[in-house]
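Okay, predicted coordinates and the sequence, questions at the end:
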Amino acid sequence: MSTDVTIPSFPQITGHREAKKSRVIRDNLWRAAVLVALVLLWAVLSSTTDLVASPAASLNALAERFADGSIYRHLDATLQAVAIGFCIAAAIGFPLGYVIGRSKFLGAVFDPLVAGAFAIPRVIFFPILLQIFGVGVGAQSAMAALAAVFPIMVSTTAGVRAINPLLPKLARSLSLSPLQTVTKIYIPAMAPSLMVGIRIGFSIAFINVIIAEFFAARAGLGLQALRAYGMLDLPTMYGIIVLLAAIALAGNLALWAVERRLGEKA
Amino acid sequence: MSQSPTMRSIGHENDVVFDNIGMTFDTGAGVTRAVENVSGAIPEGKFVSVIGPSGCGKSTLLDMVGGLLKPTQGSVSINGEKVTGPRRDTAMVFQEDSTLHWRTVLDNVAFGLEVKGISKAERYDSARRMIELVGLKGFEDHRPGQLSGGMKQRVAIARALAMEPRVLLMDEPFGALDQQTRQFIGRELLRIWEKTRNRVLFITHDIQEAVYLSDEVWVMSARPSIVKEVVTIDLPRPRPEGTHALPRFRELEDHLWALVKVEAEKTLGPGARLA
Ligand SMILES: Nc1ncnc2c1ncn2[C@@H]1O[C@H](COP(=O)(O)OP(=O)(O)O)[C@@H](O)[C@H]1O
Ligand SMILES: [Mg+2]
């Protein structure tokens, strides 16, 4: 289970906050520098090969899609599929992972099966999903759910198992209701692993929606990127790639920030 | 100095009464008779310690009083009521860290009152008093991750005390601490207990600690365990710093050592250490 290392804070040490603040500023400056370097590298590459459009042309093409409004339908379809797929995966993955983690018997039965299923590239089932749901957001959502449910389940199971075994005992000795035990003990105790599950689940859902759109879709950013490529409209394709990267980055950063805050409490 | 527990009167209404209690674990692998035929009572306002070889059933006994385990034989009753599950007027402190790492010290100590439905103002009020009592004043907003092992155990003790339990159950609460810290917290616990005077069932493997803290020490035999002997600690209270050096303290300690050694050797062979 990978959680981010955070430095414990000791508020009584004076000047610590300031030191932390300046460290955050330094880190962010370096992050920005790496981004700029990547764009420069991209610019250099685009000048050496026809397979890469220049950053300026790509951003221009993307801006045009926004200006004429043609991108919104596709943005909508992709985000909807990711959101629906992720919610289904969460609704199934969290309770299932929790139950498997708490029961020795279910753990013994499902651990190897889940581990095995985790290794199957789930996109292999997409043609079947297309048969069931037809071409459209339904099929992409189902694809996202199928892909994201495993990492969510696995990290939830690991989280339950990592709980201090005295805490359920404490809950019983304090006569907590089953609901209180879940909301006041299990969820907060597992918060870091739940967040890892959410973050990885989101990433996997997103990746799988785009891949699924490559196969068959009525609308979607993956479909648009593929179409642009088919029409040799490389600036638009790279523009959409930039948009996809921005969405992935924004989503992950937001979740990562929540995760870090939980980590600081631990 | 000592008496056989079965010979004692079975206690009054207000006591914690063990009525021929026993526990047999039946796992698929085999049957373990952990506790057998324990009778006795913790009288009102008394501090009782239990010592005995490792694995003899001390925790099992405590968990039965706490309502976490249902005895397979006999029963425990508190104030004349049979224990059928965890009660609101008992509180437990465990050997290992049981603090909630995502909560501040204040919210940890107030936790028991919070789930009981006590208002925020009221529960923070008692929590603050308990935090002061256990010597953690100034650490209210810290999280357990920032505290030492000894401080975390104080948080757990304060959480139990905040419940104002009529029966306090402590399962080797200082077992994971170094010698210096445990002596220090032991003294603190005694100082606090002199004020609250609730009934305490205290499990330890430290004979000196048991003598210093208790009114009675119950010595458990090796499995299947009975309470082999009840040793009354007739040292005057309050017990100041020099108590350990009293001849009577030494006498009681030696007597308990002799009893425990016999039992430890039964389980582990001659020359074994008490653990
Ligand atoms: N839930 C359980 N299932 C099976 N055996 C148990 C269980 N709990 C305790 N035991 C067994 O009962 C005996 C007494 O355990 P315990 O009360 O923890 O001893 P102590 O606290 O004195 O070290 C041990 O042999 C232990 O293995
Ligand atoms: Mg024990």
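Arrived safely. Numbers count the residues shown, from 1 in each chain, chains lettered A, B, ... in the order given. Ligands and ions are numbered 1, 2, ... in the order given.

Does the particular helix or strand that has B:Glu122 in it reach chain A?
Using DSSP states H and E, B:Glu122 sits within helix B:120-133. No. Remark: helix B:120-133 sits outside contact range of chain A, by C-beta under 8 Å from any C-beta of the partner chain, the gap being at least 13.1 Å. The C-beta positions use only the backbone N, C-alpha and C, and glycine is treated the same way.

Where does residue 138 sit: helix, strand or coil?
Chain wasn't specified; assuming chain A. helix (DSSP: H, G, I helix; E, B strand; the rest coil).

that's the wrong chain, I wanted chain B
coil.

pLDDT value on it, please?
The per-residue pLDDT reported for B:Gly138 equals 95.

Now do it against B:Arg128, distance only.
According to C-beta to C-beta, to the nearest Å, B:Gly138 and B:Arg128 sit 11 Å apart.

same deal with B:Gln146?
Going from B:Gln146 to B:Arg128 by C-beta to C-beta gives 19 Å.

likewise A:Phe126?
To B:Arg128, A:Phe126 is 59 Å away according to C-beta to C-beta.

swap in A:Thr236?
As judged by C-beta to C-beta, A:Thr236 and B:Arg128 stand 64 Å apart.

The two: which is more packed in?
More crowded of A:Thr236 and B:Arg128, by other C-beta atoms under 10 Å in any protein chain shown: A:Thr236, with 24 against 17.

what's the nearest residue to the more buried one if we skip its chain neighbours?
In this structure, A:Thr236 finds its nearest non-sequential neighbour in A:Ala228, 3.9 Å apart by C-beta to C-beta, 6 or more residues apart in numbering or on different chains.

right, and that neighbour touches A:Ile241 too?
No. Counting by C-beta atoms under 8 Å, A:Ala228 stays clear of A:Ile241, with 9.8 Å between them.

Looking only at neighbour counts, state which of those two leads.
Higher neighbour count among A:Ala228 and A:Ile241: A:Ala228, with 21 against 16, using other C-beta under 10 Å.

picking that back up, now do the helix or strand where the residue nearest to A:Thr236 lies, average pLDDT.
Using DSSP H and E, A:Ala228 sits in helix A:221-230. The average pLDDT for helix A:221-230 rounds to 94.

Counting by contacts, list what that helix packs against.
Helix A:221-230 sits against helix A:72-102, helix A:187-215, helix A:234-265, with contacts defined as 3 or more C-beta pairs under 8 Å, 6 or more residues apart in numbering or on different chains; DSSP states H and E.

domain assignment for chain A?
A:23-50, A:53-265 (automatic domain parsing).

just chain B next, same as before
Using automatic domain parsing, chain B is parsed into the domains B:2-89+B:165-268, B:98-164.

and those domains, which is most packed in?
Comparing the domains of chain B by mean neighbour count (mean count of other C-beta atoms under 10 Å in any protein chain shown), domain B:98-164 ranks first with a mean of 20.

How far does it stretch from one end to the other?
One end of domain B:98-164 sits 19 Å from the other (C-alpha to C-alpha, to the nearest Å).

how far away is whatever residue of chain A ends up closest to ligand 1 from chain B?
Closest residue of chain A to ligand 1, C-beta to the nearest ligand atom: A:Lys169 (11.4 Å). Noted for A:Lys169: a distance of 7 Å to chain B, by C-beta to the nearest C-beta, to the nearest Å.

That residue: how many residues sit nearby?
16.

Was I right to think it contacts B:Leu68?
Yes. Using C-beta under 8 Å, A:Lys169 is in contact with B:Leu68, at 6.7 Å.
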